[in-house]
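J.: Next come a sequence and a model predicted from it.
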Amino acid sequence: MTVRRCAAALVAATAIVGGAAPAAFADGAPSPAAVPPGLYGTKDPQYDGVFRQSFALLAQQTADVRPAAQAVAWLTGQQCADGSFMSFRADTTKACDATKLDTNATSAAIQALVALGGHDDAVKKGVAWLKSVQQDDGGWPYTPGAGGSDANSTGIVIGALAAAGEKPASVKSAKGGKSPFDALLTFALPCDDPTGGGAFASQPDAKTQKLYANADATAAAVTGSLGKGLTATAGPADTKGTSCEKAATPEQGAHNGAAYLARTLAATGFLKSTMPGAADQPDYSNTADAVVALAADGMADQAKKSADWLSKNAAAWAKENGPAAYAQLVFAADATGADPKNFGGVNLVEALNATGPAPQAAPSASPSAQQKEEKKNDGISLWWIVGVGLVAGIGIGFLISGRKKNQQL
């Protein structure tokens with residue numbers, strides 16, 4: 001997800017400014033001074049502030065942690081007047097830049113706000129904005145007006161709609177009446193495609209309009225096709241194995257995509273990075289997304305194998321990449337039934353909490369069984385003492401009465 005987001009941000013920025021790469025990707029230097037209070041992580045938030053905050057809050061909710069009020073307020077304060085979110089608003093007193101509105105950040109924020117509860121108005125406004133920028137094909141681009149729909153963005157928007165109580169299949173484009181599921185199927189590769197039958201492409205090639213298999217787009221499309229979001233958990237067992245079938249429904253598309261991921265992961269347990277110069281290097285972020293997608297589709301065995309691989313190998317990556325990375329591992333652990341507080345010996349929840357403001361103190365727990373038993377025993381002891389006292393009093397009464405009688409005799 002993090003790699004996907006960086007790549008998508010680069011593509012969107014390039015489309016807008018005509019080919020200039022954003023400075024954050026030119027030197028990769030973090031800007032700690034630019035990180036405002038309440039935000040998780042220490043790196044420059046320009047391209048992922050709302051995204052990583054939403055991931056952090058979602059992961060904490062998944063792990064039953066009450067986020068700091070300051071962290072929640074930071075996220076809600078980022079929302080634009082029309083309900084959308086930018087990747088980051090440095091100055092929230094100024095109106096949002098319409099060329100920088102972000103469907104992915106908006107969708108992640110909606111899912112976080114729904115999980116937190118108590119933010120109905122913000123969620124409704126966010127959903128209304130997403131519906132207003134739906135493309136004619138039923139899908140969504142990363143930045144409205146800066147390109148066609150893509151599988152990654154459409155998948156995460158579906159998760160937001162579902163979380164907010166919408167029925168994604170009923171959210172249809174004003175022109176053409178297409179649903180998000182219709183859009184996703186247009187990115188699905190046929191089973192006989194030599195580059196990856198059953199997989200999804202992020203977008204058609206700009207020049208040839210051909211579809212090329214993309215593992216991360218596939219993971220997003222699988223969860224989206226199932227109508228699930230970022231914190232998707234295990235679904236019913238997929239008994240079709242890794243076979244591929246013609247995809248005429250979202251469920252068939254999800255199976256094919258999951259089968260492609262399972263086949264790709266089978267040899268090593270991880271996905272390989274597609275970034276330039278990173279041949280044969282593991283892509284931890286996309287592997288974590290794939291684990292959630294596989295679990296959601298019901299391919300539990302491969303999901304667990306890859307989650308186990310992450311538990312043994314992803315600690316250093318998460319430490320380097322911060323809150324969103326820790327959150328992805330929490331999602332993968334939760335989807336496969338692993339313990340996020342002991343994931344390969346690492347307490348992911350504690351590590352995530354340490355990247356931002358301290359969570360709220362847990363509410364006072366109800367009395368433990370031992371405390372209840374002790375209280376019960378204390379009560380028994382008290383009544384036992386009272387009872388003994390009464391019996392003793394009666395005995396003494398009889399004794400005194402007997403003595404008086406003897407004296408009278």
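T.: Here it is on my side, so go on.
J.: where in the stretch 201-350 of the chain is pLDDT low?
T.: Low-confidence segments of the stretch 201-350 of the chain (pLDDT under 70): 276-279.
J.: mind running it again at 80?
T.: Along the stretch 201-350 of the chain, the parts satisfying pLDDT under 80 run over 274-280.
J.: Helices of that one, residue ranges please.
T.: 215-225, 250-265, 284-297, 300-313, 315-321, 323-335, 348-353 (DSSP state H, counting those that start in this stretch).
J.: residue contacts, the nearest residue to L211 once chain neighbours are set aside?
T.: Nearest residue to L211 in three dimensions, chain neighbours excluded: A201, at 3.9 Å (C-beta to C-beta, 6 or more residues apart in numbering). Where you see a C-beta, it was placed from the backbone N, CA and C, and this is true even at glycine. Taking C-beta atoms under 8 Å, 6 or more residues apart in numbering as the criterion, A201 is in contact with 151, 187, 189, 211-214, 217.
J.: try A293
T.: Applying C-beta under 8 Å, 6+ apart, the residues near A293 are 218-220, 222-223, 232, 257-258, 261.
J.: Export those as a markdown table, with columns for distance to Q53 and neighbour count.
T.: Formatted as a markdown table, the entries for the contacts of A293 read as follows, by distance: C-beta to C-beta, whole Å; neighbours: other C-beta atoms under 10 Å:
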| residue | distance to Q53 | neighbour count |
| --- | --- | --- |
| T218 | 26 | 35 |
| A219 | 22 | 31 |
| A220 | 20 | 33 |
| V222 | 25 | 34 |
| T223 | 21 | 30 |
| A232 | 20 | 22 |
| G257 | 28 | 37 |
| A258 | 29 | 32 |
| L261 | 28 | 32 |
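J.: Would you tell me which one of the residues you listed comes nearest to N342?
T.: Closest approach to N342 among the contacts of A293 (C-beta to C-beta): A232, at 21.9 Å.
J.: before we move on, the earlier item: would CSV of the helices of the stretch 201-350 of the chain with distance to G176 be doable?
T.: Formatted as CSV, those follow (distance: least, C-beta to C-beta, whole Å):
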stretch, distance to G176
helix 215-225, 19
helix 250-265, 18
helix 284-297, 28
helix 300-313, 35
helix 315-321, 39
helix 323-335, 33
helix 348-353, 42
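J.: For G147, find the nearest of those helices.
T.: That would be helix 215-225 among the helices of the stretch 201-350 of the chain, by C-beta to C-beta, at 14.3 Å.
J.: which residues are contacting stretch 237-257?
T.: 181, 184-185, 188, 190-191, 197-200, 218-219, 221-222, 225-227, 258-260, 262-263, 293, 296-300.
J.: Now the phi/psi pair for the residue nearest to L211, please.
T.: phi -100, psi 160 (degrees, to the nearest 10).
J.: per-residue pLDDT, the residue nearest to A183 when sequence neighbours are not counted?
T.: Nearest residue to A183, sequence neighbours excluded (C-beta to C-beta, 6+ apart): G139, at 3.0 Å. We have a pLDDT of 98 for G139.
J.: so who does G139 touch?
T.: Each residue near G139 by C-beta under 8 Å, 6+ apart is listed here: 148-151, 153-154, 157, 178, 180, 183-184, 186.
J.: Tell me where the stretch 1-150 of the chain has helices.
T.: Using DSSP H, counting those that start in this stretch, helices in the stretch 1-150 of the chain cover 2-17, 23-27, 49-62, 69-77, 103-116, 120-132.
J.: show me what contacts P190?
T.: Listed by C-beta under 8 Å, 6+ apart, the contact set of P190 reads 197, 246.
J.: could you redo the last one with a cut-off of 7 Å?
T.: G197 (C-beta atoms under 7 Å, 6 or more residues apart in numbering).
J.: Tell me the secondary structure at it.
T.: Under the three-state scheme (DSSP: H, G, I helix; E, B strand; the rest coil), P190 adopts coil.
J.: A201 versus that one, what's the distance?
T.: 12 Å (C-beta to C-beta, to the nearest Å).
J.: now swap in L184 and tell me
T.: 11 Å.
J.: so what sits against both of the two?
T.: Contacts common to L184 and A201, judged by C-beta under 7 Å, 6+ apart, are A151.
J.: buried residues in stretch 203-215?
T.: Within stretch 203-215, the residues that count as buried by 16 or more other C-beta atoms under 10 Å are 203, 211-215.
J.: next one: stretch 270-283
T.: 270-273, 282-283.
J.: what's the answer for stretch 320-340, then?
T.: 321-336, 338, 340.
J.: Also stretch 146-161?
T.: 146-147, 149-161.
J.: Not counting it itself, show me its contacts.
T.: In contact with stretch 146-161 (C-beta under 7 Å, 6+ apart) are residues 4, 8, 12, 15-16, 103-104, 107-108, 110-111, 127, 130, 135, 137, 139-142, 168, 171, 180, 183-184, 187, 200-203, 216-217, 220-221, 223-224, 227-230.
J.: Try it again at 6 Å.
T.: Here stretch 146-161 makes contact (C-beta atoms under 6 Å, 6 or more residues apart in numbering) with 4, 12, 15-16, 103-104, 107, 110-111, 130, 135, 137, 139-142, 168, 171, 180, 183-184, 187, 200, 202-203, 217, 220-221, 224, 229-230.
J.: what about it, average pLDDT?
T.: 97.
J.: now do stretch 95-114
T.: In this model, stretch 95-114 carries a mean pLDDT of 97.
J.: A248 and G176, how far apart?
T.: 19 Å.
J.: ok, now D136?
T.: For D136, the distance to G176 - C-beta to C-beta - is 5 Å.
J.: For these two, work out which one has more neighbours and name it.
T.: Comparing D136 with G176 by other C-beta atoms under 10 Å, the one with more neighbours is D136, at 14 against 11.
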